[in-house]
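In: Only the shape, not the letters, is given here:
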C-alpha cells in the first residue's frame, strides 16, 4: 500500500567530476608549496595561483639585463655592483656550470632554461645589494620560485665545492713561514699566522677560517672557542705561531 499524504522529495548536490577534483587537489598542493617558499610579505594569493594553473600570465620583468647592461659594465662598475671582479665571476660560472648543482634541462618546451651565468650573477647581486628575492628576480627575469631555487643551488655550490678549496688554514711549514714573514714586514711582530675579527685572515686579507651561526653580538674570544679552528688551535699553530 502506498503511503498517504504529500511525498517528500530529497535533493542531492551533484558530485564533482574528476576534472574538478584534480583541479582542486592541484591548487591545494601549489598553495602549500607557495606558502613554504614565499615569506609572509608575499602578495601571492589563491587567485594568483589559480591564474598560474589555468592560464599563465606573463609577469612584467626586465629582459636581457645581463646581455644589454651587465656585459657593458666597466671593471669598476662590475665590481661595484657584484663586489667581485669579472674574472673571478667567470671562474665561478665555469665551475658552477660543470658542477652537480647546475642541472642542464634535457627536454624542450616551456620557458628557456636560465643560464648558469644568470644564476651566479643573480646570487652575487642579492648578496652585494642586501635586497629581496622578488627584486632580483624582476631584474634577472626569474619568477620567485626560480630565484629561491637558484639562490639555494649557488649557495650550496659555494659552501660545499668552493669554500673547502678557497678558505683553509695553512698546513705546510713553508706556507706558514710566508704568511708570518708578511705580517712581520707589516707590523714588526714575528710568527703571526692570522688576524681575528669574527673570521681569520692573513696579511693579504684572504680568509683562512670562517665561522658562522652564533646569534647576537659576543666577544671574538668566545667565537674562537666555539669555532672548529678554536678546538684545533694548538695543533694548527704549532710549533711557534699564533693569531
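Out: That came in fine, so what should we check first? Bear in mind the structure is a predicted one, so any value in this text is a computation, not a measurement.
In: Quick check: chain neighbours aside, which residue is closest to the spatially most central residue of the chain?
Out: With distances taken as CA atoms, centre = their mean, the chain has residue 151 as the residue nearest its mean C-alpha position (2.8 Å). Setting aside the residues directly before and after it, residue 151 is nearest to residue 123 in space (CB to CB, 6 or more residues apart in numbering), at 5.9 Å. In this view, the C-beta of every residue, glycine as well, is placed from N, C-alpha and C.
In: And that neighbour, which helix or strand is it part of?
Out: In this assignment (DSSP states H and E), residue 123 forms part of helix 116-129.
In: Give me the residues contacting that helix.
Out: With contacts defined as CB atoms under 8 Å, 6 or more residues apart in numbering, helix 116-129 is touched by 66, 70, 81-84, 89, 92-93, 96-97, 102, 131, 133, 136-137, 139-142, 147, 150-151, 153-155.
In: Verify the contact between residue 92 and residue 162 for me.
Out: Yes - contact criterion CB atoms under 8 Å: residue 92 and residue 162 qualify, at 7.1 Å.
In: which one of these two has more residues nearby?
Out: A direct count of neighbours by other CB atoms under 10 Å for residue 92 and residue 162 places residue 92 higher, at 22 against 15.
In: so what's that one scoring on pLDDT?
Out: Model confidence at residue 92, given as pLDDT, is 96.
In: Next, it: secondary structure please.
Out: Secondary structure assignment for residue 92 (DSSP: H, G, I helix; E, B strand; the rest coil): helix.
In: any idea how far it is from residue 201?
Out: Residue 92 sits 20 Å away from residue 201 when distances are taken as CB to CB, to the nearest Å.
In: And the residue nearest to the centre of the chain, how far from residue 214?
Out: Residue 151 sits at a distance of 23 Å from residue 214 (criterion: CB to CB).
In: what's the answer for residue 168, then?
Out: Relative to residue 214, residue 168 is positioned 21 Å away (CB to CB).
In: Equivalent analysis for residue 189, please.
Out: According to CB to CB, residue 189 and residue 214 sit 28 Å apart.
In: can I see the domain layout of this structure?
Out: The record's domain split for the chain, according to automatic domain parsing, is 18-54, 65-166, 173-236.
In: looking at these, which is buried most?
Out: Of all the domains of the chain, domain 65-166 has the most neighbours on average by mean count of other CB atoms under 10 Å, namely a mean of 16.
In: so how far does that one reach from one end to the other?
Out: Between the opening and closing residues of domain 65-166 there is a gap of 30 Å (CA to CA, to the nearest Å).
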